[in-house]
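# Give me a model of this one.
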Amino acid sequence: MKKYLGIVLMALVIAGCTSRAPQTEQPATIEPAVPTPSKPQLPPSESQPLPTPPKIQVPVLDWSAAVTPLVGQMVKTDGIARGSILLLNKLKNNTNGSLQTAQATTALYNALASSGQFTMVSREQLGVARQSLGLSEEDSLESRSKAVGLARYVGAQYVLYADASGDVKSPELSMQLMLVQTGEIVWSGNGTVRQQ
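Sure thing, here's the model as predicted:
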């Protein structure tokens, strides 16, 4: 039985290996597509100018009118010796838009300098001190410890913080005067900044 099975299996294998002549087929020829150069179609030119985009209206705020009464209140505070050295921090913008904080800080600096109550730390002296302590010009001294360290470095007795919040068209201005030696807030005031 095994012999028959082996013979049948061998016959099947041999029958499967029939020899046929291979057929040769021509390979399909592919013709490359030749792109036809075409000029882009431009729309006919019209002589109408493009409309100009609307200008963004940045509100012009009257910082001097807002800070002058607050500085007037502050200089009347008991315990502040005339000629005390004051470090002014840049105004911090907490409004719902963009403010020109440099103008506000300048108006505040000018109002304080003209009051005669304080000796202001000059911008040049402040710049040198910032550089010596490794603080950048953009650092607004939001950390009270940085402000106190800088104030001590320049010999200031007080630091004034100013902050604008609320609507950018009419922000609320709040100011705090801090005694450097103890960190105590000796005066605070609020006011509204109006448009010019």
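# show me where the protein has strands.
For the chain, the strands defined by DSSP state E cover 84-88, 92-95, 118-120, 158-166, 172-179, 185-192.
# Nearest to Thr52, out of those strands?
Closest to Thr52 of these, according to Cβ to Cβ: strand 92-95, at 28.1 Å. C-betas here are computed from N, CA, C, even on glycine.
# now the helices: where do they sit in this structure?
Counting by DSSP state H, one finds helices in the chain at the ranges 2-16, 63-75, 101-115, 123-133, 144-154.
# As a markdown table, these with mean neighbour count, mean pLDDT and distance to Gly183 would be great.
Listed next are these as a markdown table, based on neighbours: other Cβ atoms under 10 Å; pLDDT from 0 to 100; distance: least, Cβ to Cβ, whole Å:
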| stretch | mean neighbour count | mean pLDDT | distance to Gly183 |
| --- | --- | --- | --- |
| helix 2-16 | 9 | 76 | 100 |
| helix 63-75 | 19 | 93 | 18 |
| helix 101-115 | 18 | 92 | 21 |
| helix 123-133 | 14 | 87 | 18 |
| helix 144-154 | 17 | 85 | 7 |
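# Output these in CSV; the columns should cover distance to Val186.
As requested, these are exported to CSV (distance: least, Cβ to Cβ, whole Å):
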stretch, distance to Val186
helix 2-16, 107
helix 63-75, 9
helix 101-115, 15
helix 123-133, 21
helix 144-154, 14
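# The ones you listed: which one's closest to Gln196?
helix 63-75 (8.4 Å).
# What helices and strands are in contact with that closest one?
Here helix 63-75 touches helix 101-115, strand 172-179, strand 185-192, going by 3 or more Cβ pairs under 8 Å, 6 or more residues apart in numbering; DSSP states H and E.
# quick one: that helix to strand 172-179, angle?
40 degrees (axes from the mean of the first three to the mean of the last three Cα atoms, to 10 degrees).
# picking that back up, Ser170: which of the helices of the chain is closest?
Closest among these, using Cβ to Cβ: helix 63-75, at 10.0 Å.
# Give me the residues contacting that closest one.
Residues outside helix 63-75 that contact it (Cβ atoms under 8 Å, 6 or more residues apart in numbering): 103-104, 106-108, 110-112, 115, 117-118, 162, 173, 175, 177, 187, 189-194.
# re earlier: could you redo the helices and strands packed on helix 63-75 as a markdown table and give each row distance to Gly79?
Output for the helices and strands packed on helix 63-75, formatted as a markdown table (distance: least, Cβ to Cβ, whole Å):
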| stretch | distance to Gly79 |
| --- | --- |
| helix 101-115 | 16 |
| strand 172-179 | 9 |
| strand 185-192 | 7 |
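# Can you give me the distance of the closest residue to Asp163 other than its chain neighbours to Arg130?
Spatial nearest neighbour of Asp163, chain neighbours left out: Lys92 (4.6 Å); criterion: Cβ to Cβ, 6 or more residues apart in numbering. Distance of Lys92 to Arg130, computed by Cβ to Cβ, to the nearest Å: 17 Å.
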